[in-house]
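Visitor: can you look at this prediction? I've put the sequence above it.
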Amino acid sequence: MILGVLRLIVFVLDTALWIPVVLLASLVDRNAKLAYRIAQYWVWLNVKLCASRVHVQGLEHLDPRAPYVFMSNHRSNFDVMALVLALWNCQLRWVAKEELARMPGFGWALRATKQVIVNRADHAQALASLAVAKERLRDGISVVFFPEGTRSACGMLPFKKGGFVFAIETATPVVPIGISGSARILPRAGWLVRRGGDVRVAIHPPIPTDHIALDQRDALLAEVRWAIEACVDGDGRVVEDADHPKAEAACCTAGVWQPGGSAATRSGAVH
């Protein structure tokens, strides 16, 4: 408990120092790409602070210069940091609810890094926000959806259809991602990281959407959900056992993320 409190204090302090830098960087770049890169190192620092590591599988499926719609399961607030590290060479923008943007400091950083802020109570405003997200794709920026809409206590909640409609309308490939281990580090309703650990991020090959009609969105949703479930077993762990019945869809090269150079160490050696 004491260690968790100390980590939270350091997190608040380093966040207070990082936010002004991100805000200043956003002033010189209309796409906020520089601001996002700076924020990535804030994420890296705080993952280290939590004594945690992010293991990545499947980076070979991605072209970091191409835009994607990433779809991931969601068990913890730690999931966001895990994705930032796992997809280090990609520019990511999250579809985030407006309540987060109202938080002092943190909300400013969300807007400075050009995250996609959606007011779910205002349909017109939500559509306008997604129109902005479409512009992000043209600049080579990828958009991240948590299709469950919120963090799940266990397993996966039903998926919302908005992200799939967005992917079809923009003809952007969907990349299913399975995250495991994050809830053990930072529980769904918790704020204190009492112990570190390993988080595993499994990246499924992109699913093209340029040939899919809008009325096929339910089929796309089902395919993406199956792909995520194929990477994560019933306990929320990434499937790694070659004999596991779900392992075929999750068979990717594994490695431990490290900043700089390639985003993963293919041998799996720890750095």
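Guide: Arrived safely. Since the structure is predicted, the reported quantities are computational estimates derived from the model, not experimental observations. Numbers count the residues shown, from 1 in each chain.

Visitor: buried residues of stretch 4-18, list them for me.
Guide: Across stretch 4-18, burial judged by 16 or more other Cβ atoms under 10 Å covers Gly4, Arg7, Phe11, Thr15, Trp18. The way it works is simple: take the backbone N, C-alpha and C, and place the C-beta from them, glycine included.

Visitor: roughly how far does the third one sit from Trp18?
Guide: What it means is Phe11. To Trp18, Phe11 is 10 Å away according to Cβ to Cβ, to the nearest Å.

Visitor: related to what we said a few turns ago, closest one of the buried residues of stretch 4-18 to Arg102?
Guide: Nearest to Arg102 among the buried residues of stretch 4-18: Thr15, at 16.4 Å, using Cβ to Cβ.

Visitor: for the closest one, which residues are in contact?
Guide: Residues near Thr15 by Cβ atoms under 8 Å, 6 or more residues apart in numbering: Trp42, Gly105, Phe106.

Visitor: quick one: pLDDT of Asp218?
Guide: pLDDT recorded at Asp218 is 96.

Visitor: quick check: chain neighbours aside, which residue is closest to it?
Guide: Lys161 (7.6 Å; Cβ to Cβ, 6 or more residues apart in numbering).

Visitor: pretty sure that neighbour contacts Ala219?
Guide: No. Between Lys161 and Ala219 there is no contact under Cβ atoms under 8 Å: 11.6 Å.

Visitor: just to be sure, Arg200 is in a helix?
Guide: No. Using DSSP: H, G, I helix; E, B strand; the rest coil, the secondary structure at Arg200 is strand, not a helix.

Visitor: what about it, neighbour count?
Guide: 25 (other Cβ atoms under 10 Å).

Visitor: quick one: it from His211, how far?
Guide: 31 Å.

Visitor: again, but for Leu3
Guide: Counting by Cβ to Cβ, the gap from Leu3 to His211 is 51 Å.

Visitor: same thing with Lys161?
Guide: When distance is defined by Cβ to Cβ, Lys161 is 19 Å away from His211.
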